[in-house]
Structure formats: C-alpha cells, structure tokens
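Colleague: turn this into a structure:
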Amino acid sequence: MMKLLVALAAVLAVAAAQQCADVGCAVYVDGAACQCDTYCADYGDCCSDFSTVCGEDATTTTTAAPVAKTCESFGCGFYASGDSCQCDDLCPQYNDCCADYESVCTVDPTSTSTSTSTST
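Modeller: Numbering: from 1, shown residues only. Purely as a prediction, here's the structure:
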C-alpha cells in the first residue's frame, strides 16, 4: 500500500507540471494544472503546448502520435477519460485495467521490506 501511495504522489507531482508532449492528446489528468483532453478549450485549461502538440482540431481529432496504453508508460493512480484501458484503483471494479496493471500498479506483499520504517 505504501508503494502505491508513493507512486501516486509521484504521479500527482508530475501531473501538476505536465505538458501535452508528456502525456499525449485526449488525456484528462485529474488535479493537473493544465489538460490535453478534448474539453480543455471549453474549460480554458489547455496546456501551453496543446495547439502545437495536439493540432488545431484537437478538440475533435487527435493528431499527435498515440501514447502507449500501458501503466508503465502512462503511470498509476489516475483515471484518463477516453482511454481504452486504465491504471487507477477502480479499474478492476470496472474491468478496464491495462494489461500490465497488476505487475506495475499493485504492491506485491512479499516484496515489502521490514527494515525500512518511519516513525510518526
């Protein structure tokens, strides 16, 4: 669980500074400072490279190269609207996890180290 929380914190930190070149087009990242999805123009929150990377008609057609749909390349812990598969904690419930979700985003209890601990 701790590994998942650390990974989620890292994803959120990266998402706050994202650009469309980093995450691809037609991707919504919850909590990000800017977006690269089809609705960003409507909400006025497109990333600065949205037009350049996603094209003039990006609100209806994605023109950038597709981003690989894997949790390893996409990251774990957030929902990406419009993607064919997901890497969030609800994907097992909705049966829409990416093929590598189990190996990348879930914690293997046998790999937890007991020598690393923090006190509160």
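Colleague: just the pLDDT for S119.
Modeller: Note for S119: predicted pLDDT of 50.
Colleague: now do G31
Modeller: Per-residue confidence (pLDDT) for G31: 80.
Colleague: how near is it to C85?
Modeller: Going from G31 to C85 by CB to CB, to the nearest Å gives 20 Å. The way it works is simple: take the backbone N, C-alpha and C, and place the C-beta from them, glycine included.
Colleague: more neighbours, the two?
Modeller: Each of G31 and C85 has its neighbours counted (other CB atoms under 10 Å); C85 has more, 16 against 9.
Colleague: which intervals of this structure have sub-threshold pLDDT?
Modeller: For the chain, the stretches flagged by pLDDT under 70 are 1-17, 56-68, 108-120.
Colleague: which residue ranges form the strands in the protein?
Modeller: Using DSSP state E, no strands are assigned anywhere in the chain.
Colleague: contacts only, for the closest residue to Q86 other than its chain neighbours.
Modeller: What sits nearest to Q86 in space, not counting adjacent residues and going by CB to CB, 6 or more residues apart in numbering, is D96, at 5.0 Å. When contacts are counted by CB atoms under 8 Å, 6 or more residues apart in numbering, D96 touches S84, C85, Q86.
Colleague: just send the residues you listed back as a markdown table, with distance to C40 too.
Modeller: Output for the contacts of D96, formatted as a markdown table (distance: CB to CB, whole Å):
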| residue | distance to C40 |
| --- | --- |
| S84 | 20 |
| C85 | 22 |
| Q86 | 20 |
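Colleague: list just the nearest of the residues you listed to V23.
Modeller: Q86 (14.1 Å; CB to CB).
Colleague: wait, the closest one sits on Y79?
Modeller: Yes: assessed by CB atoms under 8 Å, Q86 is found in contact with Y79 at 5.9 Å.
Colleague: please say which of these two ends up with more neighbours.
Modeller: Between Q86 and Y79, counted using other CB under 10 Å, the more crowded position is Q86 (24 against 16).
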